[in-house]
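>>> I'd like to go over a predicted model; first the sequence, then the structure.
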Amino acid sequence: MQKRKVIISLVILSVISVIAILYFVWGREVSVMGKTSAGKDEAETYISYSTDVTPVLNDCEYWINQYDDADEVIMDEKAIEQLNEKILGTEEIANDIWNTEDESVRYAICVERADLKETPTTQVLSSDESDDYYDDNQLSVLRLNSPVLIDDETADGSFYHVISYDYEGWAQAKCFAVCADEKEWMKAQQMQNFLVVTAPRMRLEQSEIELTMGSRLRLLTKKEASEVEVERSAYGCYVVEMPIRQGDGSYGVSYVTIPQDEDVSVGYLSYTVENELTLAGKFLGNAYGWGGMYESVDCSQLVQEVFACFGMFLPRDVSEQMQIPTDFTLFHEEMTEKERVSILEDQQPGCILMFNGHEMIYLGRHDEEYYVLSSVGTLAEPSETEAQEIRSVIINTLSVKRGNGNTWKDELVCAVTIR
């Protein structure tokens with residue numbers, strides 16, 4: 001009898017265990033399914049997209065998976081160095097600040113993201129006072145650690161006129177540290193080991209300094225890190241060197257920690273379609289920033305910052321990027337729809353499509369539509385006649401229209417493939 005009770009008890013316990021396991025697994029599946037379903041429902045219920053863009057098509061991973069050679073290296077380090085030399089050697093699109101013959105200039109390093117202005121003022125100068133998104137005085141921005149030449153300053157010393165490799169203009173003096181001489185300036189740029197910021201923007205926990213995509217920071221080895229002073233333990237963190245402006249305006253450095261799970265890369269990323277589209281996709285939903293206003297990017301700056309993560313020194317503006325010494329295909333006004341489509345079919349994802357005043361990163365074709373990613377100011381949807389303010393980084397088709405009523409596809413003038 002006792003033996004029978006034991007057997008019955010074991011059977012009951014086994015049944016209970018099976019039920020518990022089934023409940024756990026089933027409950028977990030329901031939870032996961034519910035979460036997935038909720039995520040999809042949220043996108044469809046709360047998030048709007050441009051015409052013919054779905055939650056799936058708004059994900060760069062989808063476009064990466066459509067391209068068989070997405071992980072193939074397009075240019076190696078040596079080829080990129082050779083391209084940089086060609087760009088810097090083309091006076092029309094770049095300033096070769098490293099070979100200046102002007103002995104009156106001072107050498108400086110950018111110590112925080114700096115707005116470049118046409119005139120030395122922070123005041124917004126807009127032809128439309130009701131539109132704060134466009135400052136006619138805004139030219140561009142400089143990333144932290146950008147080397148510049150100073151060739152002038154205001155009487156009160158609050159603004160410097162600076163020349164970088166890709167632009168020149170007025171910027172607040174507080175954003176720059178002046179080096180003692182060219183030798184110190186060159187040394188500040190030499191980085192055997194470095195981190196590259198691969199997020200659209202990142203703020204250090206120890207300061208209000210904003211780092212933007214493509215920013216480079218000298219990376220210390222563990223031995224080097226043990227010999228410098230940082231504000232907290234470096235366990236689980238990178239230790240990097242930060243340029244600082246000292247009290248007298250001269251160049252100095254400090255050391256800070258960056259958690260190892262931050263969106264950074266040790267050294268430049270390999271130039272692949274997968275990496276390019278992944279980086280570009282991180283900007284989706286970010287605000288459009290004319291000339292880099294509002295701590296964001298415009299169309300050409302987005303492209304420039306993405307390619308900076310591969311170590312490329314691209315020109316700043318659309319008109320100059322059209323002149324990059326690389327592979328390109330021209331569209332002509334008299335081209336038929338069929339001829340334009342034929343050119344698009346020959347382009348690989350990641351190529352840069354351009355028309356006057358705008359550029360975009362090509363993603364690929366889905367059904368009969370061609371899709372692109374860019375930082376957009378305005379556009380008209382295919383069914384609309386008037387352009388609307390978008391002012392965001394979005395994915396859209398080439399069937400959207402400009403203010404003149406022409407589709408983006410009809411306006412294309414150039415397809416640039418950097419290789």
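Yes, it's here.

>>> Ser270 reaches Phe310, doesn't it?
Yes. Using C-beta atoms under 8 Å as the test, Ser270 is close enough to Phe310 to be in contact (7.5 Å). Heads up, the C-betas are built off the backbone N, CA and C, glycines and all.

>>> Look at the two and report which has more neighbours.
More crowded of Ser270 and Phe310, by other C-beta atoms under 10 Å: Phe310, with 22 against 17.

>>> Please name the residues that touch the more buried one.
By C-beta atoms under 8 Å, 6 or more residues apart in numbering, the contact set of Phe310 is 75, 80, 268-271, 275-276.

>>> which one of these has the most neighbours?
Result: Glu276 is most packed of the contacts of Phe310 (other C-beta under 10 Å), 25 neighbours.

>>> In which helix or strand does Gly311 reside?
Assigned by DSSP states H and E, Gly311 belongs to neither a helix nor a strand.

>>> neighbours of it, just the number please.
For Gly311, the neighbour count with other C-beta under 10 Å is 19.

>>> For the spatially closest residue to it that is not a sequence neighbour, give me the pLDDT.
Leaving aside its chain neighbours, Gly311 sits nearest to Tyr268 (4.1 Å; criterion: C-beta to C-beta, 6 or more residues apart in numbering). The score at Tyr268 is 98. That number is its pLDDT.

>>> got it, and Glu305?
Glu305 is given a pLDDT of 98.

>>> surely it meets Val297?
Yes. Judged on C-beta under 8 Å, Glu305 makes contact with Val297 at a distance of 6.4 Å.

>>> When these two are compared, which one has more neighbours?
Neighbours per residue, other C-beta under 10 Å: of Glu305 and Val297, the larger number sits with Val297, 29 against 24.

>>> hang on, the earlier thing: which residues are in contact with both of Glu305 and Val297?
Contact criterion C-beta under 8 Å, 6+ apart; residues bridging Glu305 and Val297 by contacting each: Pro200.

>>> mind listing the helices for this structure?
With DSSP state H as the criterion, the chain has helices at 2-46, 60-65, 77-88, 182-189, 222-225, 273-281, 299-308, 318-321, 337-345, 408-411.

>>> pull the CA atoms of the third one into CSV?
Spelled out, it's helix 77-88. The C-alpha coordinates for helix 77-88 follow below in CSV (Å, rounded to 0.1, in the frame of the first residue of the first chain):
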residue,chain,number,x,y,z
GLU,A,77,42.5,51.3,-46.3
LYS,A,78,45.1,52.0,-49.0
ALA,A,79,42.4,52.7,-51.7
ILE,A,80,40.7,55.1,-49.3
GLU,A,81,44.0,56.9,-48.5
GLN,A,82,44.5,57.3,-52.3
LEU,A,83,41.0,58.7,-52.7
ASN,A,84,41.6,61.2,-49.9
GLU,A,85,44.8,62.4,-51.5
LYS,A,86,42.9,63.0,-54.8
ILE,A,87,40.1,64.9,-53.0
LEU,A,88,42.5,67.1,-51.0
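
>>> Now do it against helix 299-308, angle only.
140 degrees (axes from the mean of the first three to the mean of the last three C-alpha atoms, to 10 degrees).

>>> Can you give me the buried ones in helix 77-88?
Residues of helix 77-88 classed as buried: 80, 83-84, 87-88 (neighbour count, 16 or more other C-beta atoms under 10 Å).

>>> so which of these comes closest to Tyr362?
Leu83 (19.5 Å; C-beta to C-beta).

>>> Surely that closest one and Thr326 touch.
Yes. Between Leu83 and Thr326 there is a contact under C-beta under 8 Å: 6.8 Å.

>>> Spit out the residues that contact these two alike.
Joint contacts of Leu83 and Thr326 (C-beta under 8 Å, 6+ apart) are Ile418.

>>> I figured Ala108 hits Val148, correct?
Yes. The criterion here is C-beta under 8 Å, and Ala108 meets it with Val148 at 5.2 Å.

>>> okay, and the common contacts of these two?
Residues touching both Ala108 and Val148 by C-beta under 8 Å, 6+ apart: 162, 176.
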